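Asks: Structure for this input, please:
(4 chains)
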Number of protein chains: 2
Amino acid sequence: MATIYEVSKAAGVSLATVSRVINKNAVVSAKTREKVEQAMLDLGYRPNTIAQSLASSKSNSVGVLVSELDSPFFGEMMSGIETELRRAGKQVIFAAGHNTEKIEKESIEFLLSRFCDALIIHVEETPEEYLQQLSEGKVPIYLINRVLDSMKNRCVHMNNELGGYRATKFALDNGHTQIAYIAGPQQKEDAMERLRGYQQALTESGIDFDDSLIVYGDYSEQSGSDCYKQLVDKPKKFSALICGNDEMASGAMKQARDEGVDIPNDLSIIGFDNTSFAQYLYPQLTTIDNPIGQMGQMAACMVLNDVYGHKHAIQRYFEPELVKRKSLIQYTE
Amino acid sequence: MATIYEVSKAAGVSLATVSRVINKNAVVSAKTREKVEQAMLDLGYRPNTIAQSLASSKSNSVGVLVSELDSPFFGEMMSGIETELRRAGKQVIFAAGHNTEKIEKESIEFLLSRFCDALIIHVEETPEEYLQQLSEGKVPIYLINRVLDSMKNRCVHMNNELGGYRATKFALDNGHTQIAYIAGPQQKEDAMERLRGYQQALTESGIDFDDSLIVYGDYSEQSGSDCYKQLVDKPKKFSALICGNDEMASGAMKQARDEGVDIPNDLSIIGFDNTSFAQYLYPQLTTIDNPIGQMGQMAACMVLNDVYGHKHAIQRYFEPELVKRKSLIQYTE
DNA sequence: CATAAAAATGTAAGCGCTTTCAATTTAATT
DNA sequence: AATTAAATTGAAAGCGCTTACATTTTTATG
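Replies: Numbering: from 1, shown residues only, chains lettered A, B, ... in the order given. As a prediction, the model looks like this:
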């Protein structure tokens, strides 16, 4: 592989000049630029990124921490990030935190030890203080779906409450008034926000919401089934069921069907996230789209702007949209 | 950040000695090792991986090319690879090829330009000649689900034919004799292998297989629905349907249900791959497990052995197992 | 034209590590 | 104790690039 030295020889200029045309950061006369470019072409030269990194103390790589690599949700997020960063010639390093504080921390440290220029992270378990402390370090960190006041301009998030609201509003608009809710875990902020949206929509419609129509799962499919059972055991009836995510919606649908209820004719269901399998369910799941891919892309753009001097338009706040499919129909007595 | 130089000062030894204890590749007396280790601890020293790479011309990173980052199948594969490589402190760089020859090539070049020590790739479109040529280059490449004679010992693959055979055998064992098959695209080798397994199982059971019970899709869910329609339009009846992958199985199930057929009571269905959504389907899909996660892990182990001198046990060949769930039942007249 | 200012280019010192080869210390042997 | 072999250690030359600073060339100005 040709080195910058050979290029400089071939073009009859100095190392520094070649470096300048590579990096386009200092002015080089058109004539010499051409000579150099021709030489690079002739030699099939490609800069050694490692040497560039060492000399410039920029690794041109950004670390990304997700909970799981094999999840439709994080898949979309990774895809959004990778597309944007690769277009800019940056390298992306993914690591998985497996929803464990210890592993999340190790992953962050692994990423840092590889001299990432920035970190984009979506973590559940890492305490705020640690993030805080990290954000004061040399490497800028960007948060997805988590907002710390002290670093607001490096957080991108979605309005979960609005999502819960829109799901509920849609059920109400379709004539449902007895609407049950399977919420995510109470200690998760997003779960509580979604639930608040549900409550708000009901209140707004003048419907007293009834605590007995709310149960709490853990976002897993199994818990969706379990919660459904809890719900039907209660005296209170309902014609629509809103779930804190698509997994639980799937579990609830299965359980309901096993108990002989016809979806959507006997019961309407709405999920949340618009995970890729939502359309594989039967009936196809009406749900709230979580624009996680776009959010990932935005985080990437923020990194590109802040760290590499690009000028992308930035959006830090996203609103979830309703995706109408087949699991909810008009309420009929 | 402390450098190796400061460590050497603190320990009262030379740079070379510190380097030796870091890399554990040359003998250092116990006494000096201790001194150095203490110094590293005191200074919170961590080697600069970039400098290490430049000096050793090893980047300690391996590139991985998948078709999509947001796919359950590749998700599992990536997860298997990442787990194994990170345990070894190696960095993984993922790139997506999007099933396009051009992008696959660009991705490979991107990975190469980042000086990966090895490449693990799962590509569909890249022609054999290019892979061939690549494999003759400096950077070793490892193939998943594709076997080139010239580099057999760097390929890991699964017996697709056996998978098709086992699916079909299971249907036969459950009394089905009229078994339809929705195959993947004819130009894909794995699709044809799976189909061959189907044919072999039938032949072995003394059943003439009937070409009119075989239709070809493109592995997408939509094509599963379409193929199902084609199948029922034909005069030939069938009590079981085997699909070349889970997506098409899902499509077929949907279409069948829309036409009023009850699965599995009227029709049994088997998929292939055991994608994560297979258990979200209703009824839960009986399918053939594709151990893609393990295969990824194995590819990682091979890299670790060949490139970094580890000694992992290697398995290059995998057999797919049947996963019994609820979409196939005993045949009853 | 002479001169100063601006633009372009070159020189050379690192970036933090690995590794070859030589020098030194230690252990083994007679 | 002298000699030799083996085991440790150190010195120094890179790895391929960036960049501060110096130098040269070009352009502008009076």
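Asks: all helices for chain A, in order.
Replies: A:4-11, A:15-23, A:30-43, A:49-56, A:72-87, A:101-113, A:128-135, A:160-173, A:189-204, A:221-233, A:246-258, A:292-308 (DSSP state H).
Asks: which one of those lies closest to residue A:212?
Replies: helix A:221-233 (8.8 Å; CB to CB). In this view, the C-beta of every residue, glycine as well, is placed from N, C-alpha and C.
Asks: I figured residue A:251 hits residue A:231, correct?
Replies: No: in this structure, residue A:251 is not within contact of residue A:231 by CB atoms under 8 Å, at 11.9 Å.
Asks: and the gap between residue A:68 and residue A:148?
Replies: Residue A:68 sits at a distance of 23 Å from residue A:148 (criterion: CB to CB, to the nearest Å).
Asks: now residue A:313
Replies: Taking CB to CB, one finds residue A:313 at 23 Å from residue A:148.
Asks: Tell me which of those two has more neighbours.
Replies: Between residue A:313 and residue A:148, counted using other CB atoms under 10 Å in any protein chain shown, the more crowded position is residue A:148 (14 against 7).
Asks: Now for that one: which residues touch it?
Replies: Shown in contact with residue A:148 (CB atoms under 8 Å, 6 or more residues apart in numbering or on different chains): A:128, A:131, A:132, A:135, A:155.
Asks: From the residues you listed, keep the buried residues only.
Replies: A:131, A:135, A:155 (16 or more other CB atoms under 10 Å in any protein chain shown).
Asks: In CSV: the residues you listed, plus pLDDT.
Replies: Rendered in CSV, the data for the buried ones among the contacts of residue A:148 read as follows (pLDDT from 0 to 100):
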residue, pLDDT
A:131, 95
A:135, 92
A:155, 97
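Asks: got these as a markdown table, with distance to residue B:38 columns?
Replies: What follows is these, written out as a markdown table (distance: CB to CB, whole Å):
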| residue | distance to residue B:38 |
| --- | --- |
| A:131 | 32 |
| A:135 | 32 |
| A:155 | 41 |
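Asks: Could I get the contacting residues of the residue most central in space within chain A?
Replies: For chain A, the residue nearest the mean C-alpha position is residue A:292 (3.8 Å; CA atoms, centre = their mean). Counting by CB under 8 Å, 6+ apart, residue A:292 touches A:73, A:74, A:76, A:77, A:80, A:144, A:158, A:273.
Asks: near DNA strand D, which residues of chain A show up?
Replies: A:1, A:3-5, A:15-16, A:18-20, A:22-23, A:25, A:47-48, A:51-52, A:54-56 (CB under 7 Å from any atom of the strand).
Asks: closest point of the stretch 151-300 of chain A to chain B, which residue?
Replies: residue A:277 (3.9 Å; CB to the nearest CB).
Asks: Chain B contacts on the stretch 151-300 of chain A?
Replies: Residues of the stretch 151-300 of chain A lying close to chain B by CB under 8 Å from any CB of the partner chain are A:221, A:250, A:253, A:254, A:257, A:276, A:277, A:279, A:280, A:281, A:282, A:293.
Asks: Report the two of these separated the most.
Replies: Greatest spatial distance among these (CB to CB): A:257 and A:293, at 30.6 Å.
Asks: For DNA strand C, what's the nearest residue on the stretch 101-250 of chain A?
Replies: Going by CB to the nearest atom of the strand, DNA strand C is nearest to residue A:115 of the stretch 101-250 of chain A, at 9.7 Å.
Asks: can you list the weak-confidence ranges in the stretch 151-300 of chain A?
Replies: Applying pLDDT under 70 to the stretch 151-300 of chain A picks out no residues at all.
Asks: show me the contacts for whatever residue of it ends up closest to DNA strand D.
Replies: Among all residues of the stretch 151-300 of chain A, residue A:300 sits closest to DNA strand D, at 22.2 Å; criterion: CB to the nearest atom of the strand. Each residue near residue A:300 by CB under 8 Å, 6+ apart is listed here: A:62, A:80, A:81, A:84, A:85, A:120.
Asks: What is the neighbour count of the nearest residue to the third one once chain neighbours are set aside?
Replies: What that stands for is residue A:81. Excluding the flanking residues, the one nearest residue A:81 by CB to CB, 6 or more residues apart in numbering or on different chains is residue A:296, at 4.2 Å. Other residues within reach of residue A:296, judged by other CB under 10 Å, total 27.
Asks: wait, what's in contact with residue A:296?
Replies: Applying CB under 8 Å, 6+ apart, we find residue A:296 in contact with A:76, A:77, A:78, A:79, A:80, A:81, A:84, A:120, A:144.
Asks: what does residue A:312 give?
Replies: A:301, A:302, A:304, A:305.
Asks: Please apply the same query to residue A:264.
Replies: Neighbour list for residue A:264: A:283, A:326, A:327, A:328, A:329 [criterion: CB under 8 Å, 6+ apart].
Asks: and those residues, which are buried?
Replies: Buried members of the contacts of residue A:264, scored by 16+ other CB under 10 Å, are A:283, A:326, A:327, A:328, A:329.
Asks: Look up how far residue A:263 lies from the residue nearest to the first one when sequence neighbours are not counted.
Replies: I take that to be residue A:283. Leaving aside its sequence neighbours, residue A:283 sits nearest to residue A:326 (CB to CB, 6+ apart; 3.8 Å). From residue A:326 over to residue A:263 the distance is 9 Å, taken as CB to CB.
Asks: list residues touching both of those two?
Replies: What both residue A:326 and residue A:263 touch, as defined by CB under 8 Å, 6+ apart, is the set residue A:283.
Asks: Could you check how far the closest residue to residue A:123 other than its chain neighbours is from DNA strand D?
Replies: Leaving aside its sequence neighbours, residue A:123 sits nearest to residue A:104 (CB to CB, 6+ apart; 5.1 Å). Distance check for residue A:104 against DNA strand D: by CB to the nearest atom of the strand, to the nearest Å, it reads 32 Å.
Asks: OK, contacts around residue A:117?
Replies: With CB under 8 Å, 6+ apart, residue A:117 has these contacts: A:58, A:59, A:60, A:61, A:62, A:90, A:139, A:303, A:307, A:308.
Asks: Of the residues you listed, which belong to strands?
Replies: Judged by DSSP state E, the contacts of residue A:117 include A:61, A:62 as members of strands.
Asks: now the contacts of residue A:117: which count as buried?
Replies: A:59, A:60, A:61, A:62, A:90, A:139, A:303, A:307, A:308.
Asks: isn't the fifth one right up against residue A:310?
Replies: No: between residue A:90 and residue A:310 no contact is recorded; they are 10.3 Å apart, counting by CB under 8 Å.
Asks: count of residues packed around the closest residue to residue A:44 other than its chain neighbours?
Replies: The spatial neighbour of residue A:44 that comes closest, neighbours along the chain excluded (CB to CB, 6+ apart), is residue A:2 at 6.5 Å. Using other CB under 10 Å, residue A:2 has 17 other residues around it.
Asks: and what of residue A:319?
Replies: Here the number of neighbours of residue A:319 (other CB under 10 Å) works out to 11.
Asks: cool, and residue A:86?
Replies: If you count neighbours by other CB under 10 Å, residue A:86 ends up with 19.
Asks: Chain neighbours aside, what residue packs nearest to residue A:285?
Replies: residue A:278 (4.1 Å).
Asks: what sits against that neighbour?
Replies: Taking CB under 8 Å, 6+ apart, we find residue A:278 in contact with A:246, A:249, A:271, A:284, A:285, A:287, A:323, A:325.
Asks: how about stretch A:261-270: buried residues?
Replies: Buried, per 16+ other CB under 10 Å, within stretch A:261-270: A:263, A:264, A:267, A:268, A:269, A:270.
Asks: Include distance to DNA strand C when you put those into a markdown table, please.
Replies: Shown next, in a markdown table, are those (distance: CB to the nearest atom of the strand, whole Å):
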| residue | distance to DNA strand C |
| --- | --- |
| A:263 | 60 |
| A:264 | 62 |
| A:267 | 62 |
| A:268 | 61 |
| A:269 | 56 |
| A:270 | 54 |
